[in-house]
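1. 3D, please:
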Amino acid sequence: MSPTTSDQGRLRNAVTRARSEKLADKIAIVTGAGSGIGRAIAQAFCANGAKVAAVDRNAAGLQQLADAAAADEALIAFTADVTETDEPRRVTEAVLERHGRVDILVNNVGGLIGGGGVDASRRDWDATFALSVTSQFLFAQAVAPAMRASRSGRIVNISSNAGKYRGNTGTSGLSYAAAKGAVLQLTRSLAHELGRFGITVNAIAPGSVLTPAGVQEAAELEAELTERVMLETPLGYFAAPDEIAGIAVFLASDDASYITGTTIVANGGWCTT
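-> Residues are numbered from 1 along each chain as shown. The predicted structure follows:
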């Protein structure tokens, strides 16, 4: 079965129709917002009433996102490399100067740098961890003082199916899986540390998602492997970015007020143990 089925489009449209004002007047920072899941989350947050600071090092992607945003300045873009130590604090300070608070942080940025197997170079291993784990810590560190002062906040970290189990296609790479596993422990530990200030910290662990990178990965897979993954996935298709964005909206909203330290696995039922 192909991952790009009409059923997927139907479900994606249903997610879009279900949007409301769950995040009305909330101030959110979304990293990796220039494409893929991050872009979908930024758009879903705007659609649900939030004011979004979209962060990415891809200036062209951010411009496309900003062009598609509402004309009421619900979204502002920050070009930044979040692996650089000072950049998360710079962005956070700019958001605080503009809005006076930060209610939500979505640490979406992440990925595999170079070779990811046991023969990966030390440089690629370190770069993957810097992108996928250290960036999340630095942004959490940057927003924590303001959230503690207001005694409220939502932090949503994007991990991966690979971090909880393994890559379902076998192509995720050792360093990527290890980094995404570290995100889950970062999430649990931050939730424990920040909970007494009314701040919740949760993670989403998606399986295969049809982002531009996900579509390319799916296209490059052997037909036999794609068929196996589909047979192992009860829902029978790869997720659309909007379906992951809907989970982020939930975790950032008041509906999830008593959920913290939790990982929501969104892999279509591929593995549930």
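2. quick check: pLDDT value at Thr273.
-> Looking at Thr273, its pLDDT is 56.
3. actually, Asn161.
-> 89.
4. contacts only, for the nearest residue to it once chain neighbours are set aside.
-> Among residues not flanking Asn161 along the chain, Gly207 sits closest, at 4.1 Å (Cβ to Cβ, 6 or more residues apart in numbering). C-beta here means a position set from N, CA and C on the backbone, and glycine is covered the same way. Contact analysis of Gly207 by Cβ atoms under 8 Å, 6 or more residues apart in numbering lists Asn161, Asn168, Thr233, Phe238, Ala239, Val265, Ala266, Asn267, Gly268, Trp270.
5. state the pair within those that is farthest apart.
-> Using Cβ to Cβ, the pair of these lying farthest apart is Phe238 and Val265, separated by 14.6 Å.
6. if you count what's nearby, which of those two comes out ahead?
-> More neighbours surround Phe238 than the other of Phe238 and Val265, with 29 against 20 (other Cβ atoms under 10 Å).
7. need the buried ones from the contacts of Gly207 selected in PyMOL.
-> Selecting only the buried entries of the contacts of Gly207 in PyMOL, with 16 or more other Cβ atoms under 10 Å as the criterion:
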select buried, resi 161+168+233+238+239+265+266+267+268+270
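8. who does the longest strand belonging to the chain touch, helix- and strand-wise?
-> Assignment by DSSP state E gives strand 199-206 as the longest strand of the chain. Applying 3 or more Cβ pairs under 8 Å, 6 or more residues apart in numbering; DSSP states H and E, we find strand 199-206 packed against helix 135-150, strand 153-158, helix 161-164, helix 174-194, helix 241-252, strand 263-266.
9. how about a cut-off of 6 Å?
-> Applying 3 or more Cβ pairs under 6 Å, 6 or more residues apart in numbering; DSSP states H and E, one finds that strand 199-206 makes contact with strand 153-158, helix 174-194, helix 241-252, strand 263-266.
10. among those, which is the most enclosed?
-> strand 153-158 (a mean of 27; mean count of other Cβ atoms under 10 Å).
11. which phi and psi values does the residue nearest to Asn161 adopt?
-> phi -90, psi -140 (degrees, to the nearest 10).
12. what residue ranges in the stretch 51-200 of the chain are flagged as low confidence?
-> The stretch 51-200 of the chain contains residues with pLDDT under 70 at 70-73, 167-172.
13. can you do 80?
-> By pLDDT under 80, the weakly predicted segments of the stretch 51-200 of the chain are 68-73, 115-116, 166-172.
14. any idea how far Asn108 is from Asp67?
-> Relative to Asn108, Asp67 is positioned 20 Å away (Cβ to Cβ, to the nearest Å).
15. quick one, which of the two is more surrounded?
-> Comparing Asp67 with Asn108 by other Cβ under 10 Å, the one with more neighbours is Asn108, at 28 against 7.
16. and that one, how close does it get to Ala223?
-> For Asn108 relative to Ala223 (Cβ to Cβ), the value is 31 Å.
17. which secondary structure element is home to Ala28?
-> strand 27-31 (DSSP states H and E).
18. ok, now Arg98?
-> helix 87-99.
19. quick one: buried residues of that helix?
-> So for helix 87-99, counting by 16+ other Cβ under 10 Å, buried means Glu87, Pro88, Val91, Thr92, Val95, Leu96, His99.
20. give the residue farthest from the middle of the chain.
-> The C-alpha centroid of the chain is most remote from Glu224, which lies 29.2 Å away (Cα atoms, centre = their mean).
21. tell me the contacts of that residue?
-> Glu224 makes contact with no residue, according to Cβ atoms under 6 Å, 6 or more residues apart in numbering.
22. need phi/psi at it.
-> phi -60, psi -40.
23. number the residues from 57 up from this point.
-> Got it, the first residue is 57 from now on, which makes the last one we talked about Glu280.
24. could you check how far it is from Met286?
-> Applying Cβ to Cβ to Glu280 and Met286 gives a distance of 11 Å.
25. returning to that earlier point: list the helices and strands the helix or strand following the strand holding Ala84 packs on?
-> Sequence order places helix 92-103 as the next helix or strand after strand 83-87, per DSSP H and E. Where contact means 3+ Cβ pairs under 6 Å, 6+ apart, helix 92-103 is packed against strand 83-87, strand 107-112, helix 297-308.
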